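Novice: Got a predicted structure here, sequence first:
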Amino acid sequence: MISGSRPGTMPLHLQGKWNNLTNPMWACDYHFNINLQMCYWPAEITNLGECHEPLLDYLQTIQEPGQLAAKEFFNTRGWIVNTMNNAYGFAAPGWRFPWGFFPGGAAWSCRHLWEHYEFNQDTTFLREKAYPLMKDASLFWIDYLQDNNAGSLVSMPSYSPEHGGISKGANMDHQMAWDLLNNLQKAHDVLNIENDFAKTVKEVKNRIIKPQIGNWGQLQEWVEDVDDASNKHRHVSHLYALYPGAQINIDQTPELAEAARTSLNARGDGGTGWSRGWKINFWARLKDGNRSLELINALLDPVEEARSGMTGGTYSNLLCAHPPFQLDGNMGGAAGMAEMLVQSHNGVMELLPALPSQWQSGSVKGLKCRNGIQVDITWKNRKVINATFSSKQNYKGIALINGEEIAVKCTNTNSFKY
């Protein structure tokens with residue numbers, strides 16, 4: 001990320017600056033149905049927020065073509081981007097149908113805008129850059145979601161990447177739309193915005209159909225309870241609410257978290273490089289460090305250069321295999337390792353939430369939590385023995401350390417030590 005995503009440059013894409021072909025796989029483009037976003041999952045938690053900036057700047061450049069695509073294809077307000085995009089603002093459904101149909105790319109990307117604010121607490125960035133893009137993206141969903149005649153709003157037509165056909169109510173759409181509107185509500189609170197639009201955001205968010213548990217205990221991928229327990233598809237898009245979203249978590253929604261666990265177990269640990277990278281993060285959010293570690297080891301399986309098929313692994317130069325190579329698996333794996341060591345999505349800084357049994361002792365420096373807190377951790381026998389919290393601004397909050405809630409207070413000149 002440091003090498004390939006500096007401020008003032010274009011963001012990372014599938015192969016980043018390491019592409020060596022004039023006709024690369026998938027056109028070496030920006031895939032918005034997970035791959036581009038995954039490339040930036042580690043940016044904030046590993047304290048590389050400045051390397052996040054190329055993506056956030058790029059989103060501004062595709063807002064206008066995204067508005068055109070929303071108007072021409074769906075007759076809605078707001079802006080969208082579908083599965084693939086490029087340096088020239090291609091925001092329309094493309095390549096093949098339904099594979100290229102995914103108007104949720106803008107909503108997903110807006111999570112990056114909000115997280116950049118959460119990790120850095122820059123209200124100027126929120127007001128001037130993030131909020132306008134988030135608001136405009138929300139207008140699409142406010143217009144696009146439809147009443148299901150039972151009082152709830154559903155997405156139609158929708159497509160669960162890259163699985164199944166066009167449907168009425170792919171739950172990933174609902175989770176992304178809910179997430180976007182929920183983060184907008186938080187932005188309204190930060191910016192002290194109280195107007196008719198803020199009321200509309202709250203009303204629409206509350207009407208979006210909630211995550212559902214199906215007949216075999218799974219988290220449903222669609223509104224209809226049609227999930228196949230024997231299906232091993234690499235995409236697990238309907239777990240967006242678990243990660244990178246936070247609508248589902250084991251502390252506040254334990255039944256939904258258990259349903260997500262059931263779905264993950266059914267899909268298995270196979271898949272391409274990025275698929276394994278995503279699953280590392282899922283299991284970290286479920287606080288199962290041993291399962292995350294199994295997937296890290298699978299992600300690092302050696303791959304021969306001529307290998308084909310959708311099995312993932314890592315080449316001898318450490319680039320991740322889709323195959324062929326893609327950066328998203330590398331970045332997703334790095335984000336997952338950090339997520340195993342510190343989590344802050346629920347308003348509490350939890351240290352070692354998903355520590356595997358093999359990592360008995362160790363240390364990590366410079367990880368970052370939301371609210372702009374940097375943390376260094378040393379542990380022995382799987383227990384934190386030292387932790388240092390530091391901030392560029394005054395901060396008061398709670399850390400969960402060795403199962404105990406600890407009040408943390410630090411300033412821009414003094415750190416807090418445990």
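Specialist: Arrived safely. Residues are numbered from 1 along each chain as shown.

Novice: Now name the helix or strand holding the closest residue to Gly104 other than its chain neighbours.
Specialist: With sequence-adjacent residues excluded and distances taken as C-beta to C-beta, 6 or more residues apart in numbering, Gly104 is closest to Met176, at 4.9 Å. (Glycine included, C-beta is placed from N, CA and C.) Met176 is located in helix 171-191, with elements delineated by DSSP states H and E.

Novice: quick one: contacts for the residue nearest to Gly104?
Specialist: Gly104, Ala107, Trp108, Tyr240, Gly245 (C-beta atoms under 8 Å, 6 or more residues apart in numbering).

Novice: Please apply the same query to Ala137.
Specialist: Gly78, Trp79, Ile80, Ala106, Ala107, Cys110, Leu180.

Novice: Is it in a helix, a strand, or coil?
Specialist: Three-state assignment for Ala137 (DSSP: H, G, I helix; E, B strand; the rest coil): helix.

Novice: Distance check, it against Ala107.
Specialist: Distance check for Ala137 against Ala107: by C-beta to C-beta, to the nearest Å, it reads 6 Å.

Novice: Over to Gln343?
Specialist: 23 Å.

Novice: quick one: which of the two has more around it?
Specialist: Set side by side, Gln343 and Ala107 show more neighbours around Ala107, with 27 against 24, by other C-beta atoms under 10 Å.

Novice: tell me the SS of the more buried one?
Specialist: What three-state DSSP gives for Ala107 is helix.

Novice: Equivalent analysis for Ile406, please.
Specialist: The assignment at Ile406 comes out as strand when based on three-state DSSP.

Novice: residue contacts, the spatially closest residue to Leu145 that is not a sequence neighbour?
Specialist: Once flanking residues are discounted, Leu145 sits nearest to Leu153: 4.0 Å by C-beta to C-beta, 6+ apart. Counting by C-beta under 8 Å, 6+ apart, Leu153 makes contact with Leu145, Gln146, Asp147, His174, Val204, Arg207, Ile208, Ile209.

Novice: Which of these ranks first by neighbour count?
Specialist: Counting neighbours by other C-beta under 10 Å, the top entry in these is His174, with 28 neighbours.

Novice: Quick check, that residue in contact with Arg207.
Specialist: No: in this structure, His174 is not within contact of Arg207 by C-beta atoms under 8 Å, at 10.5 Å.

Novice: re earlier: okay, the residue nearest to Gly104 and Ser3: tell me how far apart.
Specialist: Using C-beta to C-beta, Met176 is found at 30 Å from Ser3.

Novice: Kindly report the same for Gly403.
Specialist: According to C-beta to C-beta, Gly403 and Ser3 sit 39 Å apart.
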